[in-house]
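structure of the sequence below:
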Amino acid sequence: MKDNFDIFFRRKPALMLVSLKRNMRMRYGSLLAKEVDCTYSHAVKILQTLEALKLVEFEKKGRIKLIRLTKKGKNVADAIENIQSLIR
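As a prediction, this is how the structure comes out:
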């Protein structure tokens with residue numbers, strides 16, 4: 001796995017975390033991929049990394065895997081939003 005630091009300074013993973021934080025309802029992969037403008041397969045790869053870092057968790061509902069931020073993930077998303085506000 002890449003250095004954990006690298007994941008937060010790439011656009012798509014950061015956008016995913018912020019999107020999950022802003023929209024508190026449960027999300028699924030294809031919807032999240034559309035929101036951050038990437039392919040589904042790329043979104044899945046990013047989400048797997050975020051899951052390994054314990055920033056998101058999945059819940060299986062029928063055929064769909066719902067995605068939710070963990071407490072740690074919410075803290076990271078807050079930090080990313082703070083950085084965004086500082087550089088605007």
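
please enumerate the helices of the chain.
Shown for the chain, the helices assigned by DSSP state H span residues 4-8, 11-22, 29-35, 40-52, 71-87.

any idea of the mean pLDDT in the shortest one?
Per-residue pLDDT over helix 4-8 has a mean of 63.

may I ask which helix or strand of the protein has the lowest mean pLDDT?
None of the helices or strands of the chain scores lower by mean pLDDT, DSSP states H and E than helix 4-8, at a mean of 63.

circling back to that earlier point, return the most buried member of the helices of the chain.
helix 11-22 (a mean of 19; mean count of other Cβ atoms under 10 Å). The C-beta positions use only the backbone N, C-alpha and C, and glycine is treated the same way.

for that helix, output the C-alpha coordinates as PDB.
C-alpha atoms of helix 11-22 as PDB (Å, rounded to 0.1, in the frame of the first residue of the first chain):
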ATOM      1  CA  ARG A  11      -8.200  15.100  -5.600                       C
ATOM      2  CA  LYS A  12     -10.600  12.100  -6.000                       C
ATOM      3  CA  PRO A  13     -10.100  10.500  -2.600                       C
ATOM      4  CA  ALA A  14     -10.400  13.900  -0.900                       C
ATOM      5  CA  LEU A  15     -13.600  14.700  -2.800                       C
ATOM      6  CA  MET A  16     -15.000  11.400  -1.900                       C
ATOM      7  CA  LEU A  17     -14.500  11.900   1.800                       C
ATOM      8  CA  VAL A  18     -15.900  15.400   1.700                       C
ATOM      9  CA  SER A  19     -18.900  14.300  -0.400                       C
ATOM     10  CA  LEU A  20     -19.700  11.500   2.100                       C
ATOM     11  CA  LYS A  21     -19.500  14.000   4.900                       C
ATOM     12  CA  ARG A  22     -21.700  16.600   3.300                       C
END
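
does anything pack onto it? Which helices or strands?
helix 29-35, helix 40-52, strand 64-69, helix 71-87 (3 or more Cβ pairs under 8 Å, 6 or more residues apart in numbering; DSSP states H and E).
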